[in-house]
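Enquirer: Sequence below, structure please.
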Amino acid sequence: MVQLGLLITNKHRLLSVAALLDVFESVNSFYERINEPAFFNINLFSSDNQPGAYYGSYAMQSIQNSGQMDLILVPAFGAGDLGISVSGNKMFIPWLWEQRKKGAEIASFCTGAFLLAAAGLLNGKEATTHIDSAQALASNFPEIIMKSDAVVTDDSGIYTSGGATSSFHLMLYLIQRRCGKELTLKTAKMFAIDMDREQQTYFGTFSPSQNHGDGLVNMAQQKIEKEYQEGSTIETLIQDIPASRRNVVRRFKQAIGVTPIEYLQRTRIEAAKKLLAQTDQSVLEVMLNSGYNDLKSFRQLFKKSTGVTPKEYRDKFNIARLENTNRLERKSA
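Expert: The predicted model follows:
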């Protein structure tokens, strides 16, 4: 029986813990239906000793009195400041290291990767997290080999997943490694999980900080966001900023984490994504209204940024089309 430890971290996302329990309990139920013992012995751990405390139907255990685990799961953090969330869970770090040294594999889900990163367990290893938190993970922990578009990473028994439903892909990956493909397919069907997703880039949203305290950078941001549709070069857009181009680029990169050129491109791509999802404009119209004037170049940049073509993005996310498809499916049912 595999000893599975689930950390009940401070400020964890309830949905993340619920999904983890649901999936691994379901795997155990598959074994029980054929009169086999449960495959995973699920243990829930808190940071301190709370006699009599329960999480659902599980008696909470303290990491101070734990046995050796084979596989440890770190759930996603809830909304809020990730720095505060990590700081409030530092007591888990020595325990994670001790378990790791004794052979435990460790998997983090979505923003749970920040706790592994703070522990140094991701140093020199490939990792991913929620696409909107990837830049923060990479900039705060530069020793990580960041794979921001990856759904799942596996590096020497340390696993990470992208955001939200990508957690299910990591669970399936862990189940297949230990239980085989047939049971993994059963689990995927039970939870209606699309097993073919290979990247999460198209789920990302570009939402740069405006509260970094650098007025000159704010001035450049506002200029770009106001005039991105005009097709101007970045040199034209920042020519009125009262500083040299070199100084603007340096301060921009320091405050936001990207250069002004990258900021302009991502602003335009974000505008294109919104138009593709919310309007029936043709791809050509979307291109022009996003500040581009070369269709081939636009398609290449869009796919590089999102992982899919403009048409594929529209097919996935256009609200009106999705609603129409759902209506047709209901009529034919």
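Enquirer: With adjacent residues omitted, what lies nearest to Ala118?
Expert: Once flanking residues are discounted, Ala118 sits nearest to Val86: 4.8 Å by Cβ to Cβ, 6 or more residues apart in numbering. Heads up, the C-betas are built off the backbone N, CA and C, glycines and all.
Enquirer: Could you report the neighbour count for that neighbour?
Expert: Using other Cβ atoms under 10 Å, Val86 is surrounded by 24 other residues.
Enquirer: C-terminal to whichever strand or helix holds Asp154, which secondary structure element comes first?
Expert: Using DSSP states H and E, Asp154 sits within strand 152-155. Counting by DSSP H and E, the element after strand 152-155 in chain order, helix or strand, is strand 158-161.
Enquirer: What segments of the stretch 101-250 of the chain are strands?
Expert: Listed in chain order, the strands of the stretch 101-250 of the chain (DSSP state E, counting those that start in this stretch) span 105-108, 126-127, 145-146, 152-155, 158-161.
Enquirer: Parallel or antiparallel, list what pairs with the third one.
Expert: Each strand paired with strand 145-146, and its direction, by DSSP bridges: strand 126-127 (parallel).
Enquirer: mind checking how far the partner strand is from the chain centre?
Expert: 12 Å (Cα atoms, centre = their mean, to the nearest Å).
Enquirer: what packs against the strand or helix carrying Thr267?
Expert: Using DSSP H and E, the element containing Thr267 is helix 260-278. Applying 3 or more Cβ pairs under 8 Å, 6 or more residues apart in numbering; DSSP states H and E, one finds that helix 260-278 contacts helix 215-227, helix 234-237, helix 245-256, helix 283-289, helix 295-306, helix 310-317.
Enquirer: any chance of the ones you listed in TSV, with mean pLDDT too?
Expert: Shown next, in TSV, are the helices and strands packed on helix 260-278 (pLDDT from 0 to 100):
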stretch	mean pLDDT
helix 215-227	91
helix 234-237	88
helix 245-256	90
helix 283-289	94
helix 295-306	90
helix 310-317	85
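Enquirer: For the spatially closest residue to His130 that is not a sequence neighbour, give its distance to Arg33.
Expert: Spatial nearest neighbour of His130, chain neighbours left out: Gly163 (3.2 Å); criterion: Cβ to Cβ, 6+ apart. If you measure Gly163 against Arg33 using Cβ to Cβ, to the nearest Å, the figure is 32 Å.
Enquirer: and what of Val23?
Expert: 16 Å.
Enquirer: okay, those two: which has more neighbours?
Expert: Val23 (19 against 8).
Enquirer: Now do the strand holding Asp154, average pLDDT.
Expert: Strand 152-155 carries an average pLDDT of 92.
Enquirer: Give the buried residues for that strand.
Expert: 152-154 (16 or more other Cβ atoms under 10 Å).
Enquirer: closest to Asp194 among the residues you listed?
Expert: Distance to Asp194 across these (Cβ to Cβ) is lowest for Val152, with 13.4 Å.
Enquirer: How about the closest one, nearest residue that isn't a chain neighbour?
Expert: Val152 sits nearest to Leu170 (Cβ to Cβ, 6+ apart), 4.8 Å away.
Enquirer: on that earlier part again, what strand or helix carries the residue nearest to Ala118?
Expert: helix 82-87.
Enquirer: So which residue is smack in the middle of this structure?
Expert: Centroid check for the chain by Cα atoms, centre = their mean gives His130 as the closest residue, at 1.4 Å.
Enquirer: how near is the closest residue to Pro75 other than its chain neighbours to Val217?
Expert: Nearest residue to Pro75 in three dimensions, chain neighbours excluded: Ser16, at 3.9 Å (Cβ to Cβ, 6+ apart). Using Cβ to Cβ, Ser16 is found at 34 Å from Val217.
Enquirer: Please identify the buried residues of stretch 236-252?
Expert: 237-238, 241, 248-249, 251-252.
Enquirer: Out of the residues you listed, give me the two with the largest separation.
Expert: Top of the distance list for those (Cβ to Cβ): Leu237 and Arg251, 15.4 Å.
Enquirer: My read is that Ala220 contacts Pro242, right?
Expert: No. With contacts defined as Cβ atoms under 8 Å, Ala220 does not count as touching Pro242, sitting 10.5 Å away.
Enquirer: The residue nearest to Asn10 when sequence neighbours are not counted: neighbour count?
Expert: Using Cβ to Cβ, 6+ apart and skipping the chain neighbours, the partner closest in space to Asn10 is Gly88 (4.3 Å). Here the count is done by other Cβ under 10 Å, and Gly88 has 15 residues near it.
Enquirer: how much space is there between the residue nearest to His130 and Thr153?
Expert: Gly163 is 13 Å from Thr153, by Cβ to Cβ.
Enquirer: State the three-state secondary structure for Gly291.
Expert: coil (DSSP: H, G, I helix; E, B strand; the rest coil).
Enquirer: Sorry, wrong one. I was asking about Leu44.
Expert: Three-state assignment for Leu44 (three-state DSSP): strand.
Enquirer: need the contact list for it.
Expert: Shown in contact with Leu44 (Cβ atoms under 8 Å, 6 or more residues apart in numbering): 5-6, 8, 55, 58-61.
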